[in-house]
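Asks: I'll drop the sequence and a predicted model, then ask my questions.
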Amino acid sequence: MSGNAKGPGMFFIIPCMDSFAKVDLRTISFNVPPQEVLTRDSVTVAVDAVVYYRVNNATMSIVNVENYSTSTRLLAATTLRNVLGTKNLSEILSDRENISHFMQTSLDDATEHWGVKVERVEMKDVRLPVQLQRAMAAEAEASREARAKVIAAEGEQKASKSLKEAADIMIESPAALQLRYLQTLNTIAAEKNSTILFPLPIDILSAFMPKK
């Protein structure tokens, strides 16, 4: 039809003179197939994504590009490879939100001349080589073991410090040592043992030992 894009309603079309194209103005989504990407730190990963877009200018989407849908899909795949190729593997795994936002902005700027508005881009799966997955799992396990050893060492250090402080207190206060002795006897008696050993201080036993 001649002129600008028409809105809702009925229109008369003269055969062989007028032509029309129907454009869907709703939001459309499509999946970007997994793309093999070589990251900046030389790791090969396969990444796919989903893109949401809509046509905000029907005239430009018909006049300025042959097929806005196919062009947007191809550009999305290219943009995904180009953007991820500038990132390290750690950045791809930990900074998906910012990478997706950067891709959305880049696609939106590139498709603006086509009358297309890219509303959202989301990275889906990041597939790593099997050998790299095993290496990362081994590294994570080693890191967990190292942290466990550090925590255990810190616990032993604190326990040794507390034991030393308790020993210093008992040395300075014999009454505290006697109280601890009575508490130990009470604990042994509560366990209902058939045989009970009574530890006696050396100074008590020395009174019954023959003197040289």
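Replies: Ah, there it is.

Asks: got the buried residues for stretch 91-110?
Replies: E91, I92, R96, I99, S100, F102, M103, Q104, S106, L107, D108, A110 (16 or more other Cβ atoms under 10 Å). For every residue, glycine as well, the C-beta is placed using N, CA and C.

Asks: Residues in contact with it: which ones?
Replies: With Cβ atoms under 8 Å, 6 or more residues apart in numbering as the contact definition, stretch 91-110 has outside contacts at 39, 45, 47, 49, 51, 53, 72, 75-76, 79-80, 83-84, 87, 117-123, 126.

Asks: of all the buried residues of stretch 91-110, which comes closest to K158?
Replies: Closest approach between the buried residues of stretch 91-110 and K158, by Cβ to Cβ: E91, at 38.4 Å.

Asks: quick one, phi psi at the closest one?
Replies: Dihedral pair for E91: phi -70, psi -40, per degrees, to the nearest 10.

Asks: Same check on the one 4 residues further on?
Replies: When quoted as degrees, to the nearest 10, the phi and psi of D95 stand at phi -130, psi 40.

Asks: before we move on, back to that, among the buried residues of stretch 91-110, which one sits closest to S160?
Replies: Closest to S160, out of all of these and judged by Cβ to Cβ, is E91, at 43.1 Å.

Asks: So among the contacts of stretch 91-110, which ones count as buried?
Replies: Neighbour-count burial (16+ other Cβ under 10 Å) applied to the contacts of stretch 91-110 gives 39, 45, 47, 49, 51, 53, 72, 75-76, 79-80, 83-84, 87, 117-119, 121, 123, 126.

Asks: Can you give me the domain assignment for this structure?
Replies: Annotated domains of the chain cover 28-130, 157-190 [automatic domain parsing].

Asks: Which one of the ones you listed lies nearest to I14?
Replies: Minimum separation from I14 across those (Cβ to Cβ) falls at domain 28-130, 18.9 Å.

Asks: Could you check how far the residue nearest the centre of the chain is from I62?
Replies: With distances taken as Cα atoms, centre = their mean, the residue of the chain nearest its centroid is S94 (5.5 Å). Distance, S94 to I62, using Cβ to Cβ, to the nearest Å: 42 Å.

Asks: what does E154 give?
Replies: Distance of E154 to I62, computed by Cβ to Cβ: 69 Å.

Asks: Compare those two (neighbour count), which wins?
Replies: A count of neighbours by other Cβ atoms under 10 Å puts I62 above the other of E154 and I62, at 18 against 10.

Asks: Local confidence estimate at that one?
Replies: For I62, the model assigns a pLDDT of 89.

Asks: That one and R26, how far apart?
Replies: Between I62 and R26 the computed distance is 17 Å (Cβ to Cβ).

Asks: Sort out for me which of the buried ones among the contacts of stretch 91-110 are in helices.
Replies: The helices, defined by DSSP state H, take in T72, L75, A76, T79, L80, V83, L84 from the buried ones among the contacts of stretch 91-110.

Asks: For those residues, please prepare TSV with the additional fields pLDDT and distance to M10.
Replies: Converted to TSV, those look like this (pLDDT from 0 to 100; distance: Cβ to Cβ, whole Å):
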residue	pLDDT	distance to M10
T72	96	31
L75	96	36
A76	96	36
T79	95	41
L80	94	43
V83	93	46
L84	93	49
